[in-house]
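[1] Here's my sequence, what's the structure:
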Amino acid sequence: MPPEPGAKPPLSLTRIRVAWAIALAVDAIQIPAAAAGPLGWFLDVGLDLLTMVVLWALLGFHWAFLPSFLTEWIPYLNLAPLWTLAVALATRGRGGVDLPLPPKVIS
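    I've put the predicted structure just below:
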């Protein structure tokens with residue numbers, strides 16, 4: 001049965017887990033970095049750019065990444081875990097494909 005038009009292809013569980021780990025780590029770094037003053041702001045901007053590129057490479061384009069990227073530039077709104085929310089929306093219903101295991105070698 002062919003996939004529905006407009007449906008995104010399934011993602012491997014490894015990609016989903018890596019995306020979740022990155023999003024949780026970035027959100028955990030950005031909350032205390034917001035209190036670091038101007039240095040924290042530069043760290044936030046660089047981290048946001050890098051996070052958006054990496055998540056886009058892992059999961060493909062999703063509209064949830066754009067608001068997460070743009071709202072991170074608004075002071076005090078970046079205290080919300082928006083990257084984690086974006087990954088939750090981008091991976092919703094796209095999991096369940098495991099990577100194939102290598103064949104067992106019997107010697």
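
[2] you'd agree A34 is up against F42?
    No: using CB atoms under 8 Å, A34 makes no contact with F42, being 11.9 Å away. C-beta here means a position set from N, CA and C on the backbone, and glycine is covered the same way.

[3] Comparing these two, which residue is more hemmed in?
    Shown here are A34 and F42; by other CB atoms under 10 Å, A34 has more neighbours (18 against 12).

[4] buried residues in whichever strand or helix holds A88?
    A88 belongs to helix 82-91 when elements are defined using DSSP states H and E. Neighbour counts over helix 82-91 (16 or more other CB atoms under 10 Å) mark L82, W83, T84, A86, V87, A90, T91 as buried.

[5] mind checking how far the fifth one is from T71?
    Computed with CB to CB, to the nearest Å, the distance linking V87 and T71 is 15 Å.

[6] Equivalent analysis for A90, please.
    For A90, the distance to T71 equals 16 Å [CB to CB].

[7] Good, wrapping up.
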